[in-house]
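Chemist: kindly generate the corresponding structure for this input.
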Amino acid sequence: MIMNSIKMVTVGPDPAQVTCPSCHASVMTKITTKASTKTHIIALILCLCMCLPCVCLPYCMDSCMNSDHYCPNCNAYIGTYTR
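Modeler: Numbers count the residues shown, from 1 in each chain. A predicted model of the protein is given here:
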């Protein structure tokens, strides 16, 4: 039985130059942002303390969401930057 050891790569909030653990190419990561629990809590606090239109703000700002990094060649997951 062959075991693949996938090395976790440390990534930040911006695209990073890494070697993909899947296809072993040197690539600039592709980022998708995803709302986190912290994003939902900020929206709830805005809803309770301020007016209703302000609830959308955390979902429009990348600084309130996690950044998932993927390889642009093989679409392999590389890592997540958690805010």
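Chemist: how near is the most centrally placed residue in the chain to residue 54?
Modeler: In the chain, the residue lying closest to the centroid (CA atoms, centre = their mean) is residue 67, at 1.6 Å. Applying CB to CB, to the nearest Å, one obtains 23 Å for the distance of residue 67 from residue 54. Quick note: C-beta positions are derived from backbone N, CA and C, even for glycine.
Chemist: same deal with residue 65?
Modeler: From residue 65 to residue 54 the distance is 17 Å (CB to CB).
Chemist: of the two, who's got more company?
Modeler: Neighbour tally, residue 65 and residue 54, criterion other CB atoms under 10 Å: the higher count belongs to residue 65, 21 against 13.
Chemist: tell me where the protein is predicted with low confidence.
Modeler: For the chain, the stretches flagged by pLDDT under 70 are 1-9.
Chemist: now stretch 24-34: how far from the chain's centre is it?
Modeler: 10 Å (CA atoms, centre = their mean, to the nearest Å).
Chemist: what are the buried residues along that stretch?
Modeler: Residues of stretch 24-34 classed as buried: 27, 29, 31, 33 (neighbour count, 16 or more other CB atoms under 10 Å).
Chemist: can you tell me the element residue 47 falls in?
Modeler: helix 37-49 (DSSP states H and E).
Chemist: buried ones in that helix?
Modeler: Those buried within helix 37-49 under the rule 16+ other CB under 10 Å are 39, 42-43, 46.
Chemist: which residues sit against that helix?
Modeler: 54-59, 64-65, 83 (CB atoms under 8 Å, 6 or more residues apart in numbering).
Chemist: how about stretch 54-67?
Modeler: 11-14, 31-36, 38-40, 42-43, 46-47, 80-83.
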